[in-house]
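A.B. asks: next one to model:
(one chain, ligands or ions: 1)
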Amino acid sequence: MSDPYRWDERVEAWEEVAATESFLAIRDRIVELAQPRIDDYAVDLGAGTGLLALAIAPRVRELVAVDISEQMLARLDDAAAADGIHNVEPVVADLRRLPLEDESATLVVSNYAFHHLDDPGKELALAEARRILRPGGRLVICDMMFAISLAPRDRRLVWEKVTALLRRGPAGAVRILRNAVRLAAGRWEQPAPPTTWEEMLVARGFEQVRIELLAHEAAVAVARRPQVRSEAARARAGRAGASGS
Ligand SMILES: C[S@@+](CC[C@H](N)C(=O)[O-])C[C@H]1O[C@@H](n2cnc3c(N)ncnc32)[C@H](O)[C@@H]1O
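C.D. replies: Numbers count the residues shown, from 1 in each chain. All right, here's what the predicted structure looks like:
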């Protein structure tokens, strides 16, 4: 499976980031918003080494941890065993094509994975999330949500990043240059701003969509798969049934 970011080689580095106060706070907010229940079938998209998955698993019936990186999931599996958590199933897969049954989940969560997909990739992954959710199922996705733009929040975020790096001295300045080159070469991470997230979720047929801004560039999108099929979906299903009979 193609992984341009080579996540298999970044397990240790990511674990350090995931253990920071900022990420622990993000995790806690996602869990609050997700309101996991003991009868939930949960899926964590881009689960990594388990920051979110291992906080949710003890509160639900079952959790499928999906990630493109075998090594990330191997670490998650070890951590689950060490914590005595036995209801996690690691699945190596691309978020854009989930090997999971239709309507098999009641809760889909994700943290800091979607900005590794371009916008069409995000749309595919959201379509997959909707497909695997049962009607009424909940979706809670946290990601970096901003754009390089002149909008006040975007300008503030870029400025915060630049000044934080500059405070690190020459190493920080080199990092800024490297990021500028990556940006110019189109090898930048691909976050979408909150407005795009809202549009994508509505376009993919989610309802009760809302976005909560968190610290720095993070934000969480909360939505639901509609409880009942829309009129159009019922008509489509009716036509398909009639043509099949
Ligand atoms: C920044 S880490 C976040 C991990 C975890 N969600 C957490 O909060 O600690 C991003 C994760 O997304 C995974 N990932 C990136 N692109 C993916 C894709 N197309 N399909 C599945 N997983 C992907 C990476 O392997 C990595 O584990």
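A.B. asks: let me see the contact set for N111.
C.D. replies: Residues near N111 by C-beta atoms under 8 Å, 6 or more residues apart in numbering: I26, R27, I30, D44, G46, G48, L51, L52, I141, C142, D143. Every residue, glycine included, has its C-beta placed from N, CA and C.
A.B. asks: and if you look at A80?
C.D. replies: Shown in contact with A80 (C-beta under 8 Å, 6+ apart): G50, A53, L54, A57, H86, V88.
A.B. asks: what comes up buried for the lengthiest strand in the chain?
C.D. replies: For the chain, the strand that runs over the most residues, judged by DSSP state E, is strand 133-144. Applying a neighbour-count criterion of 16 or more other C-beta atoms under 10 Å, one finds L133, G137, R138, L139, V140, I141, C142, D143, M144 buried in strand 133-144.
A.B. asks: any idea which element G172 lies in?
C.D. replies: In this structure, G172 sits in helix 170-184 according to DSSP states H and E.
A.B. asks: what angle sits between the following helix or strand past that helix and strand 133-144?
C.D. replies: Following helix 170-184 in sequence order, the next helix or strand is helix 194-203 (DSSP H and E). For helix 194-203 against strand 133-144, the angle by axes from the mean of the first three to the mean of the last three C-alpha atoms, to 10 degrees is 170 degrees.
A.B. asks: please identify the buried residues of helix 194-203?
C.D. replies: P194, W197, E198, M200, L201.
A.B. asks: and what of stretch 57-69?
C.D. replies: A57, R59, V60, E62, L63, V64, A65, V66, D67, I68, S69.
A.B. asks: now, the contacts of A80 that are in helices?
C.D. replies: Counted as lying in helices by DSSP state H, out of the contacts of A80, are A53, L54.
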